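**Student:** Quick check, what structure comes out for this input:
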Amino acid sequence: MLLNDYGLVGVFLIAGVAFVLAAMLTAWIFRPHKPTPAKLAPYECGETVKGQGWLQFNVRYYLIALVFVVFDIEALFLIPWIYAFKDVGLLGYVEMMAFIAILFVGLAYAWKKGALEWQ
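**Tutor:** Have a look, this model is predicted:
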């Protein structure tokens, strides 16, 4: 019985992969393909490209992005917890305060290192 269940999952997996591959092959066969120099040129928001496409960004942009991700994750966990506050009890409250404390330590560290300054 268990083997039949896994066999059914395998059949659906193979059918799904075959369907995706057939769709991609069909699209590749019937697509219009007439390259011109204008179509092959890089497109940057309607502007002509000037200079190299490779330039080094300041590491502060990445640090700001990481701080944003930290607060985004905090909101992701904090908002559902607020709605379930009555059901989680004291243990849930203590765990969430520990979670917020860990995030606060990370924020304090980033602030101390100057990661939040734009200069």
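
**Student:** Just checking, which helix or strand succeeds the lowest-mean-pLDDT helix or strand in the chain along the chain?
**Tutor:** When the helices and strands of the chain are scored by mean pLDDT, DSSP states H and E, helix 37-40 comes last with a mean of 78. Sequence-wise, the next helix or strand beyond helix 37-40 is helix 59-83, with elements assigned using DSSP states H and E.

**Student:** Which elements pack onto that next one?
**Tutor:** Packing partners of helix 59-83 (3 or more Cβ pairs under 8 Å, 6 or more residues apart in numbering; DSSP states H and E): helix 85-113. Placement of C-beta: from N, CA and C, glycine included.

**Student:** Give the other helices and strands that the helix it packs on contacts.
**Tutor:** So helix 85-113, by 3+ Cβ pairs under 8 Å, 6+ apart, packs with helix 59-83.

**Student:** Give me the buried positions along the helix it packs on.
**Tutor:** For helix 59-83, the neighbour count (16 or more other Cβ atoms under 10 Å) marks L63, I64, V67, E74 as buried.
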